[in-house]
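Undergrad: please find the sequence and the predicted model below.
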Amino acid sequence: MSARCSVSSKLNPPPFQHPFQSLFTDEEAEKGAMGQSCASCGSANALGALFCAHCGASLKVRTVSGSNPRRRWAMPVAALAILIVFVGLYFWLFVLDDMQNRSVTPIAEQRTSAPAVAEIFFTMTEANIRDKRTTSESVILGKLPRGSQVTGFVQLGSPPGDGWMELSDGNGFVAMVNLSKSEPPELVTLLNDQPWVVDMPIDVWATGTSDSPLINRVRAGTMLKLVGLTADNFIEVKLADGSYGYLADGKSILARLGGKPIAIGFNPQTCAFNGEIGAEFAKIGARLRTQWQTLEAKEYADEAAREKAYAKVEGKSSYVRLRRSFDGLSLTALGQHYESQSLYFVDPPAKVIAVFRDNGFNIGPDGIFRATELYAAISGTRGEGAVYGKTELSCGV
């Protein structure tokens, strides 16, 4: 019996037990059964074991071959994490910012949605109240004199001066071109929108007061419309955009309206003019004398032909345009007649008479210079002289 047992034990040796097998507990071996299998005998081994618990074969090659599932998933997980980071950054920088901006009402929309507020304006000229916001297809409901205060809701046009004000009482509309935020001053002299081409750079002020803010500075050559002169010596002007402004030293400007200022030295006793006007009349006289000398030196077929040639020149007036200003008057031309001389003005006779009276001339209500031996008078233009203005100052026989 002992021999059989001996042989039997040699034919069926007990399972190999690796020296390190004792390091694993049965529980760990059971868990390891689902960890990794031995490439040599197929037995299950614990994950991370270096040698097979049954045959002793090395499990190192299996590990190096990359069968570890953690390594297989490492790169995809890392790529996914990077993608998530980029998507989150894009959302934060662009999408979230846009969503926040859309949640805020733009300023223009806030203004549109805000209730309209009534504003106070003043009429700068006589203004019509109309039943519609148009001048072509509306009915005039009434008129507002200059300086009237109006309250209403502004509906701006393009440009703003073309807009309208809806009166707060609902009784019509007034064109914004007639309105201003500042109350207009009283005008002592009306200029009726007389055009004036600025002769030098000039400041335009918001009001006709000494503490007024500056609103513009116009250059020479700019055309302004003069509304009138205030008691404080400002000229109210209408600007190109329809708004109003004020020019200081108004009387000085009035003296320059006709062009370069000129002094008129005139002696009604002798009909003599001095200064620039006297020099211009001297030039005219010199040309006329030369013309007569040429006629007299010419040979004619007979005396009748000579008289006919003289008749064409004799009694004919000679005019020279001369645009100058004199104390607010606009001088336009000089005229040399057969036995008299004339100055022409664009202003009406009454205004010209008043200015010459202010300069010390004794002029009657009929416009005639008093105490003179020759005829000297200021009157309305007539004949061919009417093309040079409304008024002429004539002196002669």
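TA: That came through fine.
Undergrad: show me the shaky parts of this structure.
TA: For the chain, applying pLDDT under 70 flags the ranges 1-35, 60-74, 93-114, 158-161, 258.
Undergrad: ok, which stretches of it are helices?
TA: 2-11, 26-32, 60-64, 69-90, 96-102, 107-113, 250-254, 275-297, 303-313, 349-358 (DSSP state H).
Undergrad: can you count the residues close to Arg321?
TA: 10 (other CB atoms under 10 Å). Placement of C-beta: from N, CA and C, glycine included.
Undergrad: same check on Ser168?
TA: The burial count for Ser168: 14, using other CB under 10 Å.
Undergrad: does it touch Ala118 like I think?
TA: Yes: because the distance of 4.7 Å satisfies CB atoms under 8 Å, Ser168 is recorded as touching Ala118.
Undergrad: show me the contacts for Ile120.
TA: Neighbouring residues of Ile120 by CB atoms under 8 Å, 6 or more residues apart in numbering: Gln149, Val150, Thr151, Lys181.
Undergrad: ok, back up a step: okay, and the common contacts of Ser168 and Ala118?
TA: Going by CB under 8 Å, 6+ apart, residues that sit against Ser168 and also against Ala118 are Thr151, Gly152, Phe153.
Undergrad: can I have the buried ones of these as a ChimeraX selection?
TA: To isolate the buried ones among those in ChimeraX, judged by 16 or more other CB atoms under 10 Å, type:
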select :152
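Undergrad: can the shared contacts of Ser168 and Ala118 go into a markdown table with extra columns for distance to Asp232?
TA: A markdown table is the format used below for the shared contacts of Ser168 and Ala118 (distance: CB to CB, whole Å):
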| residue | distance to Asp232 |
| --- | --- |
| Thr151 | 27 |
| Gly152 | 30 |
| Phe153 | 33 |
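Undergrad: Gly172: which of the shared contacts of Ser168 and Ala118 is nearest?
TA: When the shared contacts of Ser168 and Ala118 are compared for distance to Gly172 (CB to CB), Gly152 comes out closest, at 9.2 Å.
Undergrad: tell me what that closest one is bridged to.
TA: Under DSSP bridges, the beta-bridge partners of Gly152 are Glu119, Leu167.
Undergrad: is it true that it touches Glu119?
TA: Yes: taking CB under 8 Å as the definition, Gly152 is a contact partner of Glu119 at 7.0 Å.
Undergrad: overlap in contacts, those two.
TA: Met165.
Undergrad: picking that back up, out of the contacts of Ile120, which are buried?
TA: Val150.
Undergrad: ok, longest strand in this protein?
TA: strand 187-197 (DSSP state E).
Undergrad: dump it to CSV, keeping only the CA atoms.
TA: Presented in CSV, the C-alpha positions along strand 187-197 are these (Å, rounded to 0.1, in the frame of the first residue of the first chain):
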residue,chain,number,x,y,z
LEU,A,187,-36.9,143.9,-32.1
VAL,A,188,-36.5,147.6,-32.5
THR,A,189,-35.7,147.5,-36.1
LEU,A,190,-37.1,144.9,-38.5
LEU,A,191,-34.8,143.6,-41.3
ASN,A,192,-37.3,141.2,-42.8
ASP,A,193,-34.8,138.3,-43.4
GLN,A,194,-32.5,140.5,-45.4
PRO,A,195,-29.7,138.4,-46.8
TRP,A,196,-26.2,139.3,-45.7
VAL,A,197,-23.0,137.8,-46.9
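Undergrad: so what touches that strand?
TA: 221-231, 235-236, 238, 253-254, 257.
Undergrad: neighbouring strands of it in the sheet, and parallel or not?
TA: strand 223-230 (antiparallel).
Undergrad: buried set for the partner strand?
TA: Judged by neighbour count using 16+ other CB under 10 Å, the buried positions of strand 223-230 are Leu224, Lys225, Leu226, Val227, Gly228, Leu229, Thr230.
Undergrad: need the contact list for Glu384.
TA: Counting by CB under 8 Å, 6+ apart, Glu384 touches Ser317.
Undergrad: same check, this time on the one 5 residues further on
TA: For Gly389, the contacting residues are Ser330, Thr332, Ala333, Tyr344, Phe345, Val346, Asp347, Thr381, taking CB under 8 Å, 6+ apart as the criterion.
Undergrad: any chance of those in JSON lines, with neighbour count too?
TA: Converted to JSON lines, the contacts of Gly389 look like this (neighbours: other CB atoms under 10 Å):
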{"residue": "Ser330", "neighbour count": "20"}
{"residue": "Thr332", "neighbour count": "22"}
{"residue": "Ala333", "neighbour count": "20"}
{"residue": "Tyr344", "neighbour count": "24"}
{"residue": "Phe345", "neighbour count": "24"}
{"residue": "Val346", "neighbour count": "19"}
{"residue": "Asp347", "neighbour count": "21"}
{"residue": "Thr381", "neighbour count": "19"}
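Undergrad: much appreciated, bye for now.
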